[in-house]
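# Sequence and computational prediction follow.
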Amino acid sequence: MAKVRFLGHSSFYIEGEGLKALIDPFLEGNPSAAAKPEEFSGINAIFLTHGHGDHMGSTIEIAKKNDAVVFTCNEMAGYLSSKGIKTEGMHIGGRAVFPFGKVKLTPAWHGCPIVEGKEVRYGGVACGFVIEVDGKKIYHSGDTGLTMEMSLLEDENIDVALLPIGGYYTMDVEDAARAVRMIKPRVAIPMHYNTFPRIEADPEEFAGLVGEMFTAVKILAPGEEYEF
């Protein structure tokens, strides 16, 4: 059995056999955060979709404290390695097997700079993840617009899809519902909304557009979890 806990914005804790992981741990400066970085112990993996501050968040701090491996695109992995972090640098379309299961990087239409003070560094490309653990597949799209590549994910038989609905920088509720129709996951969980005024959205509207013909929508408040 796998577990997904929503931590606010696009941050999640996921757990399965051999895996205790965070995705995009934006836990400080996040008004919707349901946890603090110091609350996590035993984390063995962090999945980082891109370098924006509202996604990288506390990645370095948590990775160092837990001796966790950060899965991300190859260029971002190089940057994090220079900070003394253990990394697995992959690229779009790449899939690999690890002790806990499998990881595949998926396309995301978004930027990926790394900002350090006044310096802006190249961070490779933004990505999403298909994470397989305990025989279950979790898709975290990262920040992205609607892409035709999402239609290929139907063949992955996704159990849980974590999708942004806030618009402005990512898909809105309408495009996220279109993504669900392409991917056909068993469950869709909305994310990346209502953290800031620009990305206000109604998750119930998203649920209504999806319906329940093939996908159930689970709306999680920060701190709530879903087991499957």
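Nice, I can see it.

# Point to the residue nearest the middle of the chain.
The chain has residue 140 as the residue nearest its centroid, 4.0 Å off, counting by CA atoms, centre = their mean.

# residues near the closest residue in space to that one that isn't next to it in sequence, how many?
Using CB to CB, 6 or more residues apart in numbering and skipping the chain neighbours, the partner closest in space to residue 140 is residue 162 (4.5 Å). Just so you know, the C-beta spots here come from the backbone N, C-alpha and C atoms, and that holds for glycine as well. For residue 162, the number of neighbouring residues by other CB atoms under 10 Å comes to 27.

# beta partners of residue 162?
Per DSSP bridges, the residues bridged to residue 162 are residue 140, residue 189.

# With residue 128 instead?
Each beta-bridge partner of residue 128 is listed here, defined by DSSP bridges: residue 106.

# For it, give its distance to residue 120.
Computed as CB to CB, to the nearest Å, the residue 128 to residue 120 distance reads 23 Å.

# what do you get for residue 47?
Applying CB to CB, the value for residue 47 to residue 120 is 23 Å.

# Settle it for me: which of the two has more neighbours?
Comparing residue 47 with residue 120 by neighbour count (other CB under 10 Å), the higher total belongs to residue 47, at 26 against 11.

# Dihedrals phi and psi, the more buried one?
Note on residue 47: its backbone torsions stand at phi -110, psi 120 [degrees, to the nearest 10].

# longest helix of this protein?
Looking only at the chain and at elements set by DSSP state H, the helix with the highest residue count is helix 173-183.

# Check which residues of that one are buried.
With burial defined by 16 or more other CB atoms under 10 Å, the residues of helix 173-183 counted as buried are 173, 175, 176, 177, 179, 180, 181, 182, 183.

# Near residue 228, how many other residues are there?
Each residue near residue 228 was counted by other CB under 10 Å, and the total is 14.

# Show the end-to-end separation of stretch 69-78, please.
Across its full length, stretch 69-78 reaches 13 Å end to end, with CA to CA, to the nearest Å as the criterion.

# Pull the contacting residues for residue 80.
Under the criterion of CB atoms under 8 Å, 6 or more residues apart in numbering, the contact partners of residue 80 comprise 48, 59, 60, 63, 70, 72, 87.

# Please report which of these has the highest neighbour count.
The most neighbours, when the contacts of residue 80 are compared by other CB under 10 Å, belong to residue 72, which has 31 neighbours.

# The host helix or strand of it pairs with which strands, parallel or anti?
Residue 72 is part of strand 69-73 when elements are defined by DSSP states H and E. Strand pairing for strand 69-73, determined by DSSP bridges: strand 45-47 (parallel), strand 86-90 (parallel).
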